[in-house]
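1. dropping a prediction and its sequence here:
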Amino acid sequence: NDIFYYNRGFCCRNMEDYPNAIEDYSKSIELNPRNPAAFNNRGFVRRKAGQYDLAIQDYTRALELNPDNIKTYNNRGYSYAKKGDYDRAIQDYSKVIA
């Protein structure tokens, strides 16, 4: 069940056990590739692990599934900023504050 992996991934994330969190979120996504929260949370963990390109990919997929989630725009904007891509960061942050 994808929710079980998602929930365990959330616990691992909160314990800062990023490798296991990524593994569980990935399994959740494999079982249910239409869950934007799983992509958003895996992106968050990847961002915390310094994997900004992979985080941006996850956030982008989450936004394809749920384009109205301003938290995901904020998260992706932060990842762009950490990469030094300030133009894209501003675009995402502008959607958050619009």
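-> Ah, there it is.

2. now the helices for the chain?
-> Using DSSP state H, the helices of the chain run over 2-14, 18-31, 36-48, 52-65, 70-83, 86-97.

3. most packed of the ones you listed?
-> helix 36-48 (a mean of 23; mean count of other Cβ atoms under 10 Å). The way it works is simple: take the backbone N, C-alpha and C, and place the C-beta from them, glycine included.

4. burial of Glu16, as a residue count?
-> Glu16: 10 surrounding residues under other Cβ atoms under 10 Å.

5. how much space between it and Phe4?
-> In this structure, Glu16 lies at 21 Å from Phe4, with Cβ to Cβ, to the nearest Å as the measure.

6. shaky segments in the chain?
-> Filtered on pLDDT under 70, the chain yields no residues whatsoever.

7. confirm for me that Arg88 is in contact with Tyr80.
-> Yes - contact criterion Cβ atoms under 8 Å: Arg88 and Tyr80 qualify, at 4.2 Å.

8. so Phe39 makes contact with Asp58?
-> Yes - using Cβ under 8 Å, Phe39 is in contact with Asp58, at 4.6 Å.

9. how about residues contacting stretch 65-79?
-> With Cβ atoms under 8 Å, 6 or more residues apart in numbering as the test, stretch 65-79 has contacts from 34-36, 39-40, 43-44, 47, 52, 55-56, 59-60, 62-63, 88-93, 95-96.
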